[in-house]
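I would like to see how this sequence folds:
(one chain, ligands or ions: 1)
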Amino acid sequence: MRICISPKPVMWVVLMVVVGASGAWAQEVSAPTGATSPMALIMRWLHVLPAIMAVGGAIFMRFVLMPAAAGALDDESHGKLRAAVIKRWRLIVHPSILLFLISGFYNYMAVTRHQHPDNGLYHALFGVKFILALVVFFFAIALTSSKGWSEGFRSKAATWLGLLVALAVAVVLIAGYMKVMPT
Ligand code: HEM
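Numbering: from 1, shown residues only. Next up, the predicted model:
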C-alpha cells in the first residue's frame, strides 16, 4: 500500500514554523544600538535558508542519491542522471554561495562583531569559519562545474562531496557555538 503525503499540510507546517521562528529571531536580532533591525533579520534569513538548502541537499546527495543511483542504474543512465542533477543543483549552489557571502559579511560587520567587542575567541572562530566556508565553496563549485579543470574532483565525487559535507557540518557547529557565546 502506498502512503501519499499531500504537500499542502506540510507547506502550512513549514510556513507556521518559519513565521513562529521569525518572531523569536526578530526579538533577538538587534543592531549595535540595541534596536531591532529588520535588515539584520532579513540577512539572517538569507543565511539560514541557504544553509538548510545547500547543506541538506549535499547530505541527501552524498548519502541517499549517489548510492541509490549507483546501485539501481546502468552506467549510461547513471551518467545521464549525474549530468542532469549537476545542471539543476548548480542553480541552488551558486546563488547560495552568493547569499552566504553577502549575508555572512553583513551579519558580522553590522551585527555580531559589535556584540563581541573584546572577545578574541569569537573573532578567531569567525576567521576559521570563513576559511572553512571558502573551502566548502571551492568543492561545491568544482563538483557542479562542467569545465575540464575540475574533472578530477567530479571523477571522485563521493570522496570530495563527503569531505564537503564534513567541512560544512563543522561550519554549522562553529556557527552554533559562536551564537551561544556570551555577548
Ligand atoms: C558553508 C557556508 C556556511 C554555512 C553552512 C553557514 C552556516 C551558518 C549558520 C547555520 C549560522 C547560524 C545562523 C543563526 O543562528 O542565525 C551562521 C551564522 C553566521 N555566519 Fe555563517 N555559514 C556559512 C558561511 C558563512 C560566511 C562565508 C560568512 C562570512 C562572510 C559567515 C558568517 C556568519 C556569521 C557572522 C554568523 C553569526 C554568528 C553568531 O551568531 O554570532 N557564514 N552561519
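
by residue count, what's the longest helix in this protein?
The longest helix of the chain (DSSP state H) is helix 75-106.

so it, near the ligand or not?
Yes - counting by Cβ under 6 Å from any ligand atom, contacts between helix 75-106 and the ligand involve 100-101, 104-105. C-beta coordinates here come from the backbone N, C-alpha and C atoms, glycine included.

and the angle from the helix or strand where residue 124 lies to helix 75-106?
Per DSSP states H and E, residue 124 falls inside helix 120-144. Interaxial angle of helix 120-144 relative to helix 75-106 (axes from the mean of the first three to the mean of the last three Cα atoms, to 10 degrees): 150 degrees.

tell me which other helices or strands helix 120-144 touches.
If contacts are counted by 3 or more Cβ pairs under 8 Å, 6 or more residues apart in numbering; DSSP states H and E, helix 120-144 sits against helix 75-106, helix 151-155, helix 157-180.

with mean pLDDT and mean neighbour count added, can I get the ones you listed in a markdown table?
Output for the helices and strands packed on helix 120-144, formatted as a markdown table (pLDDT from 0 to 100; neighbours: other Cβ atoms under 10 Å):
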| stretch | mean pLDDT | mean neighbour count |
| --- | --- | --- |
| helix 75-106 | 97 | 14 |
| helix 151-155 | 96 | 13 |
| helix 157-180 | 98 | 16 |
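
for the residue of the chain found nearest the ligand, give me its contacts.
As assessed by Cβ to the nearest ligand atom, the ligand sits closest to residue 104 within the chain, at 2.3 Å. Under the criterion of Cβ atoms under 8 Å, 6 or more residues apart in numbering, the neighbours of residue 104 are 47, 130, 133.
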